[in-house]
Each structure stands twice: as structure tokens, then as C-alpha cells.
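Chemist: Test case, fold it:
(chains A and B)
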2 protein chains.
Amino acid sequence: MRTERERFVVIGGVAAGMSAASRAKRNKPEMEVTVLERGKFVSYGSCGLPYFVSDLVKDVQGLVVYDATFFKEKRGIDVLTRHEVTRIDTQRKLVFARNLEKSKEITFGYDKLAICTGASPIQPELPGADLRNVFVIRTAEDGIILKDFIGEAAPSMAVIIGAGLIGLEMAEALRARGLEVAVIKRPGSSILKMFDDDMAELVEEELKRNDVDVVKNAVIQGFEGDSEGRARLVVIEGRSYPADLILLAAGSRPNSALAKQAELGVAPNGTIVVDERMQTSNRDIFAAGDCVGQKHLITGKDVYIPRGTTANKQGRVAGDNASGRDDVFKGVVGTAVSKIFDLTVARAGLSSAEAVGENYNFVTSTVAHPSHGHTYPNPEPEDITIKLVMDRRTGKLLGAQMVGKIGVAKRIDVFATALQGGMTVEEISRLDLSYSPPFAPFWDSILVAANVGLRKLLS
Amino acid sequence: MRTERERFVVIGGVAAGMSAASRAKRNKPEMEVTVLERGKFVSYGSCGLPYFVSDLVKDVQGLVVYDATFFKEKRGIDVLTRHEVTRIDTQRKLVFARNLEKSKEITFGYDKLAICTGASPIQPELPGADLRNVFVIRTAEDGIILKDFIGEAAPSMAVIIGAGLIGLEMAEALRARGLEVAVIKRPGSSILKMFDDDMAELVEEELKRNDVDVVKNAVIQGFEGDSEGRARLVVIEGRSYPADLILLAAGSRPNSALAKQAELGVAPNGTIVVDERMQTSNRDIFAAGDCVGQKHLITGKDVYIPRGTTANKQGRVAGDNASGRDDVFKGVVGTAVSKIFDLTVARAGLSSAEAVGENYNFVTSTVAHPSHGHTYPNPEPEDITIKLVMDRRTGKLLGAQMVGKIGVAKRIDVFATALQGGMTVEEISRLDLSYSPPFAPFWDSILVAANVGLRKLLS
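Modeler: Below is the predicted model:
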């Protein structure tokens, strides 16, 4: 039986889910908004997990933006944690959830539904992957389990499987906790495959400077445990690495089982199919966040680039459209930034490998130029290395990658903005960027990169 | 008599001049390139002078990028310092210079000439302005004179006349040297008139926190000296401020006397008239840097916004065109950034006052949002205040102003890029900006500013 108030049910309460719920309630205060979250925590920054594990953030509450009580009391949103949705009945417009605390099933009727179920770490099918002290890092609970283990078991040797941003951020976190760390990367690419090899090499040097053992081209055969079921060894083609902490950080895949069960469109890569309005194949059901894909604004193709900031934007759009407004999420340019020890690495657009994959006729150029003026030596300027990928035919920027110690993070956003605006490298070379010795040299590294790139394009 | 090699003479060797000379020599190594500089130093960053006076930079050589010997030996450019050009004969294509060391006149023939004479501080016509210990800060020599004075005379009270970026940067420098500092601003606007009053107020609070006395709406009547001709008092409508160091920082005006003598076109505001190619009304004479104006890319009008980075870009274009290439300088969007004590202030595009002056139908919005994620409390995030000026008719951004402690400088460049690309506020709200807790919250302050601005635009 339908209540009189319009009902909006949101499955998942981390980033996209809470954005969708908050936005809908704000637009339409008379709407009944309910969030069902499987975990104990809502509205937290999972990107902050490395800083929780490193103990820069002492308590898990330090990751949380707002808790369930806040949403209930200040925003009038019902947030039910520890409620796992098991089934959606699109005919009767019902959601079936299990209260994990009480093992009780509850049914929720909806008028509009948003699926914000996020993603799960890829679990490699390896012998021993189910041993104890093999961890993943995705949810707040994962963080607590890992941090408690470090506190209680005092492990001394960690092996991280995977060398993407999360794997490397966790390498830093575990080094900060005093562990020896090896990072193991499967064959096929260098570390940080979203970067070109020459840029990734700068990061690899930084890892080595911080005594992280980087093992590339490694075919992992399995994990060996002790008599008590604890992993002790990572076995790689004959060699083996001792470990009393193994972290699986080999990427994530979208959680789309519920969407499949509800017979919504799901793409071959597992993302729930949505349009620009974040609407699924069922007009009353939206999906947003790490369980959906995005359109890449350079190639025009569908991609899967899960990011917290994208999830928030998509959630907001889903919430808008679920509450009678009309909004769209247009896509991404693949922007990313990460702090890895003393380096900041950042990228936007296409890497060389991606440009090859998309059959662009492109050219690249790389420069290293100081972060700021030598007349402000506090701190001393540090070189920023910038690599540009440029379309030879149109003269447009296709992508930018940056590695440096100072002033990298928001400089990549200039490239992201230029990419989104479809600017040519020549237009970038003419930008009126801010200058003052504490922040930039006369010629900002961005302009130097564009000037050198332009010469390469014209040659 | 003409030599066989083509001759390029550059008048002025600070920013634009050395860029023009270097670029021409690089393009055409067979060209004979001569730079005539009135001062002792070439190729230095005058924007670094506050950090030289504060003693963060110990020696004046720390401001210099390359010295005359470097240009001679490494680049094959003749650099003659202490050579003041007194006259240009455009008929015979001759430049007359005085060797200031030897009081000797020398004549240089040219095929192409570039005038890069910069600007001079505005000297207010006030009684006592010619007293000793009344200083200006523009050239490296000015910096040496002031720093020597501080070291030798140990002044304890400084009055700065003018509250623009240079005045306020110098207030910080003089506080760092232990002086009491008062900043005196004439009537007509708040401090930092390139910012709106509400943004300037945040800076005024910072000045007060750092014990800088800010005196606004002050009509200065003159300076009173002692029996030895040293200024001791700044007199303002009855009141007076004791001072043993007075710094005139009330802006600068273009040095165009030579251009006038040579009968080149000079605009009413004193800037030498140039086209996009930096060509003056005489086709063999170029001009660049603080002695010329720029086209404002938002309004399409001519403006005078002298900046070191603009001077370098214009000099490069002048050098290109003087050496047979074809290049243009399209204009500026009025980007500026400055460190003032613990604050960074930045702006791009039009302020409200400028938008009023240009008869835009505009709306503004202001937000304060954290610099980075609360899950990376090292350091703790600090709010960035962002004010947008938006065109109600087109929805385009007209200008942005930012004040904050962390992450301001290069964020303004995102707005500068968006302004140059003609983006709407809605397009800015869709930017795929970098996110990671050490560098940005989920919603970057730029996106929050755009979202709030968009609501204001649509209301």
C-alpha cells in the first residue's frame, strides 16, 4: 500500500548515496527519503583510509563527514545502517532489506529508487586468498579491521598486491607504521598504469628512496599459511616474499548484482547502465557512484573511472532527477591526484597508452620546471615534471601528467579545465596564469610545458 | 653605415627586454643582438624585492636569473648595463645612449628595435617628497638602497603610502625586519582596490592581526623633515604619523618618454601603443612589458595591468617578430596573486567595481569552503573564500576573487583558464577537478563556488 508522501529509497550511504538523498530532500522537503546502508558508517571519505591506517587520523569518526543521527535530525533523512538490500521488485516497486543486526527482513516501498552500491575490491583467485591476515581496503570497516590488526598483531612485513594509487598510498601508510613493505605488480605494465612508464619511473624512485621493495612483472602463484591459517608467504614463480600482512589492492569492480537481479541494463564491464540523468533502464531507478561508468569527454566513450568526487557529482544529479528537477552529469576527463610519500602525482585526459588505444595521431613532450620563483626560497623551488599528450591533427591537448613535490595538485586542474574546454596547446600557452615568487616562476611550468609542446607539435 | 649582420637593439634588460633579446637570438643566431640597460642589473625578478628586503633572499644576486656575462658568453647577446638611452632617431635608425659610468655618448645603429623601458613608481607631488629616507621600490637598485638603509640606520617606524599588492607585500617585509608599519591609503577605495571591499576586508583583518596600522581615506598633506633633511613625519589632515622610513607604493606609470621623443604612438594613459605583434606605430620598432598596455580578454578593451609574467610573454612575442617569425600576444584576464602574511590573495577577470564600470548586468556570490579533505589533517584544512562575478545574461564567469591560507594560488588559475575559455558558471560546476584528501575535499571549493553561483544566477 502506498503512503501519501512520495518515497525515495537510496541503496548505499557512502558518497553518491548520501549526495542523492541530501539533494532530493533539499529540493523536495516533503519527500520521504530513506537510505539503506549495509555497513555501520555512512557519509565517509574512503579516500581517507590510508591516513586512518597511518594513524594521522586517530579515530574512524575522523573519516566521517556526518553520521546517521545528523542526517535524521538535521536533514530529515532516515538512514538505516547495517541494512543490506537483498532484492528489488521493480513490478511492485519494493526493496527487500535484511537488518544485519537482527537478521530480520524489512520491505520498503519506493516511488523513486537510487542504487549507489559502490564497488568491491577485486579478489584474485589465488590459493590462500582466504587465509587470515589477507586484507582489503575499501570500506571504513576494512580500515578498522586492518588498523586493529596492526595494533594488536604488530606485523613487521607487509606485501601489497597491486601498484595503483591505493596500493601506493597504502605503502606509505604502512611504512609510516614502521612495517617493511613490498609492492607486487603483475606483468603487463609498470606501476601506476594510469601514468606513462617514464612518469611512473619517477614514482618508483621515490618508493625506493622510502625503502619500499617494488617487484614488477610478478606472476603470483599464491599465499602460503601457517598451521593456524595465517598467511606467511607470498609465492611468486619460485621466489617467495615473507609477509605477516597481505593487502589486496588490485583494483575494484562495480557492485551490480542487485541491478542484475532487478533486470536493469548492466554493461559487459559490470557497470550499471545509466544515461546522463543517471537514470537506469527503469525510469524510476537511478544509479550513481562507483557502480556506474562515465562518459570520457575526450574520447566520447564509456569508461570506468571510479572517484569519490565523481560519485558525489553523480549522486547529486540522481537526487535532482529523482526529486523532479532536471540535471545531467556529462562525464569526466580522467583527472586524478595522489600524494605518494613526498611526491604528488597527478594526471588528466589520456595517457600515451590510452591515446594509442584510441588510435590518435599524437605527439608527447616532457619538461621539468621549478614550482615557484627562486626569489622565494622558503621552501626552495622543486622541479615539476610535466608530460603532455597532444593531438597532431587538431593541436588540442589530449592529456597531461605531472610529478613533483610542490604545487602539483591544483596545477593539474588547469589542464583538466583546458581539456574540458577543448583547448589547443597554443591556447594553453597563452593563458594568463597567476604569478608571484612564492607560487610560480615568471613562466609557470604549465606555460613552459605548453610552449615546448607547441614546438614539438609544429616540428 | 650598416654592418652586414642584421642588428636588433633592445632598450631595457629586466623582464621583457631580456625575453625579446633571448628569443630573437635563438630564432636567428646570426642576428647581432644588443641590450642597453640603464641599471646595474639585468634579468632579475623585481617581484622578488619584498623577499630581498625582508632578508629571506640575502644577496641581490639572489634576484638575478642570469647576469650580463651569461648572456654574452652563453647566448651571444651583448648586454651593456649602466647605459641609458637618451634618444632614438627613427629616420637614420640610430639609438643614442650614455654610458653612465664614463659619461660618454655612444651611438647604435639598428635594423629592429625593441623598447622595454618598463615603468616608474608614481611620485606624489607632496611637500617633502624629496626628503631623505623617502623610498620607492621598483628596481634592484631601489631594493639595495632600502635594504642598506634598514641595515645602517636601523629605522623603527615605517609608513607605506599605498595599499596595493606591492605596498602590502612590503608591509610584511618591513614587519619581518622588526619595524612598526602603518599603511596609508588615499580616499576612494578600500585597500587592494583590484579586489571587492568585502574580500579586501579579509586582508585588512590579517594586516591588523600582524600589527600593521591601516589608515584609510587619508588625504596626505606632506612629509615633514628634520634639520638634516630626513623625513620624520607623515602629515594627514591634522594628524601625523611619525616615520623614519617612508615608502611610496602608490602604483607605477609606463616609461614612454623615449617613445614620445621618437614620435611613436602613445596612449593617453602613457602606454606605448602596440598591436598584437607588439609592433609600435613604426614597423621596425617593437615595445613590450610594463611600458605598454594589454587587451583585456573579457571586455575587449585596452588596459594597463603591468605584470612580470605578461612582460615576459610580450617580450618573447616582440623578439619573435623582430627576428622574422610571426607571433601574437592576445591579452590578459587580469590574473594576480600575492602572499600577504599568512594569506594568499588572488583574482582573475573583473571585480564587481570593474563589472559596474563596464555596464555588465551581473550577479555575485561568495562561499567559504575547506582547502582540502578533513581526513588529511596535516595541516588542518583552512577555508578558502571565493567570490564570483557572473554575467546574468550569458551565464558566463566574469571574474573570481579568492582569499585563504592554503591552496589558493593555483586554484585561481582554474578560473583564469575558464575565463580565457569563455566558460559559463554551469560549465565550471561540471569540471572534473582533482580530488584527494591532502589536496581537496570531495567538492573542490571551485565547484562549490560555481554551484552556489549557479543558484544565484538562476534565481
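Chemist: so who does the residue nearest to the spatial centre of chain A touch?
Modeler: Note on chain A: the residue nearest the mean C-alpha position is residue A:307, at 3.5 Å, using C-alpha atoms, centre = their mean. Counting by C-beta atoms under 8 Å, 6 or more residues apart in numbering or on different chains, residue A:307 makes contact with A:332, A:335, A:336, B:435. (Each C-beta comes from the backbone N, C-alpha and C, glycine too.)
Chemist: All the helices of the stretch 201-350 of chain A, residue numbers only.
Modeler: Taking DSSP state H, counting those that start in this stretch, the helices of the stretch 201-350 of chain A run over residues A:257-261, A:308-322.
Chemist: can you list contacts of the first one?
Modeler: To tie it back to what came earlier, the one meant is helix A:257-261. Applying C-beta under 8 Å, 6+ apart, the contact partners of helix A:257-261 are A:11, A:85, A:87, A:88, A:115, A:117, A:266, A:272, A:280, A:287, A:291.
Chemist: ok, of the residues you listed, which come out buried?
Modeler: Buried members of the contacts of helix A:257-261, scored by 16 or more other C-beta atoms under 10 Å in any protein chain shown, are A:11, A:85, A:88, A:115, A:117, A:266, A:272, A:280, A:287, A:291.
Chemist: Can you pick out the most distant pair from those residues?
Modeler: A:85 and A:266 (16.2 Å; C-beta to C-beta).
Chemist: distance of the residue nearest to the centre of chain A from residue A:45?
Modeler: 12 Å (C-beta to C-beta, to the nearest Å).
Chemist: helix, strand or coil for the closest residue to chain B within the stretch 1-150 of chain A?
Modeler: Residue nearest to chain B within the stretch 1-150 of chain A (C-beta to the nearest C-beta): residue A:48, separated by 2.5 Å. Here residue A:48 is recorded as helix under DSSP: H, G, I helix; E, B strand; the rest coil.
Chemist: Wait, it touches residue B:375, no?
Modeler: Yes: with contacts counted by C-beta atoms under 8 Å, residue A:48 reaches residue B:375, the gap being 2.5 Å.
Chemist: which residues are common contacts for these two?
Modeler: Counting by C-beta under 8 Å, 6+ apart, the contacts common to residue A:48 and residue B:375 are A:57, A:62, A:63, B:437.
Chemist: So which of those is the closest to residue A:107?
Modeler: Closest to residue A:107, out of all of those and judged by C-beta to C-beta, is residue A:63, at 31.4 Å.
Chemist: give me the number of residues near that closest one?
Modeler: When neighbours are counted by other C-beta atoms under 10 Å in any protein chain shown, residue A:63 registers 23.
Chemist: Strands of the stretch 151-300 of chain A, start to end?
Modeler: Ranges of strands within the stretch 151-300 of chain A are A:157-161, A:180-184, A:212-215, A:220-225, A:231-236, A:239-242, A:245-248, A:252-254, A:285-287, A:294-295, based on DSSP state E, counting those that start in this stretch.
Chemist: Relative to residue A:451, which of those is closest?
Modeler: Among these, strand A:294-295 comes nearest to residue A:451, with 31.4 Å by C-beta to C-beta.
Chemist: can you list the weak-confidence ranges in chain A?
Modeler: A:1-3 (pLDDT under 70).
Chemist: I'd like the shared contacts of residue A:48 and residue B:375 written out as CSV, with distance to residue B:426 added.
Modeler: CSV is the format used below for those (distance: C-beta to C-beta, whole Å):
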residue, distance to residue B:426
A:57, 35
A:62, 34
A:63, 31
B:437, 27
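Chemist: what two of those are the furthest from one another?
Modeler: Across these (C-beta to C-beta), the longest gap, 10.7 Å, separates A:62 and B:437.
Chemist: Write out the residues of the stretch 51-200 of chain A neighbouring chain B.
Modeler: For the stretch 51-200 of chain A, the residues in contact with chain B (C-beta under 8 Å from any C-beta of the partner chain) are A:51, A:52, A:56, A:57, A:62, A:63, A:65.
Chemist: which residue packs closest to residue A:439, ignoring adjacent ones?
Modeler: Excluding the flanking residues, the one nearest residue A:439 by C-beta to C-beta, 6 or more residues apart in numbering or on different chains is residue B:409, at 3.6 Å.
Chemist: How about residue A:455?
Modeler: residue A:365 (7.8 Å).
Chemist: What values do phi and psi take at that neighbour?
Modeler: Backbone torsions of residue A:365, given as degrees, to the nearest 10, read phi -150, psi 150.
Chemist: residue contacts, it?
Modeler: Contacts of residue A:365 (C-beta under 8 Å, 6+ apart): A:387, A:388, A:390, A:449, A:452, A:453, A:455, A:456.
Chemist: Hmm, residue A:451 and the second one touching each other?
Modeler: Right, residue A:388. No: at 10.6 Å, residue A:388 does not count as touching residue A:451 under the criterion of C-beta under 8 Å.
Chemist: Who has more neighbours out of the two?
Modeler: Set residue A:388 next to residue A:451 and count neighbours by other C-beta under 10 Å: residue A:388 wins out with 28 against 19.
Chemist: Quick check: bridge partners of the more buried one?
Modeler: In this entry, residue A:388 is beta-bridged to residue A:365, residue A:400, by DSSP bridges.
Chemist: how far away is it from residue B:19?
Modeler: Distance from residue A:388 to residue B:19, by C-beta to C-beta: 22 Å.
Chemist: likewise residue A:263?
Modeler: Distance check for residue A:263 against residue B:19: by C-beta to C-beta, it reads 65 Å.
Chemist: what about those two, which has more around it?
Modeler: More crowded of residue A:263 and residue B:19, by other C-beta under 10 Å: residue B:19, with 28 against 11.
Chemist: so which strand or helix has that one?
Modeler: helix B:16-27 (DSSP states H and E).
Chemist: Quick check: next helix or strand after that helix?
Modeler: Helix B:16-27 is succeeded, C-terminally, by strand B:32-36 (DSSP H and E).
Chemist: Partner strands of that next one and their direction?
Modeler: Looking at strand B:32-36 with DSSP bridges, its partner strands are strand B:7-11 (parallel), strand B:78-80 (parallel).
Chemist: Residue A:180: which of those strands is closest?
Modeler: Once the strands paired with strand B:32-36 are compared by C-beta to C-beta, strand B:78-80 is nearest, at 56.0 Å.
Chemist: Next, count neighbours for the closest residue to residue A:426 other than its chain neighbours.
Modeler: Leaving out its chain neighbours, the residue that sits closest to residue A:426 by C-beta to C-beta, 6+ apart is residue A:454, at 5.7 Å. Neighbours of residue A:454 under the rule other C-beta under 10 Å: 19.
Chemist: now swap in residue A:352 and tell me
Modeler: By the measure other C-beta under 10 Å, the count of residues near residue A:352 is 21.
Chemist: isn't it right next to residue A:196, touching?
Modeler: Yes: contact criterion C-beta under 8 Å: residue A:352 and residue A:196 qualify, at 4.8 Å.
Chemist: Tell me how far residue A:270 lies from chain B.
Modeler: To chain B, residue A:270 is 22 Å away according to C-beta to the nearest C-beta, to the nearest Å.
Chemist: Name the nearest residue to that residue, ignoring sequence neighbours.
Modeler: That would be residue A:254: by C-beta to C-beta, 6+ apart, it lies 4.7 Å from residue A:270.
Chemist: quick one: that neighbour and residue B:56, what's the gap?
Modeler: 51 Å.
Chemist: neighbour-wise, which of the two wins?
Modeler: Between residue A:254 and residue B:56, residue A:254 has the larger neighbour count (other C-beta under 10 Å), namely 24 against 18.
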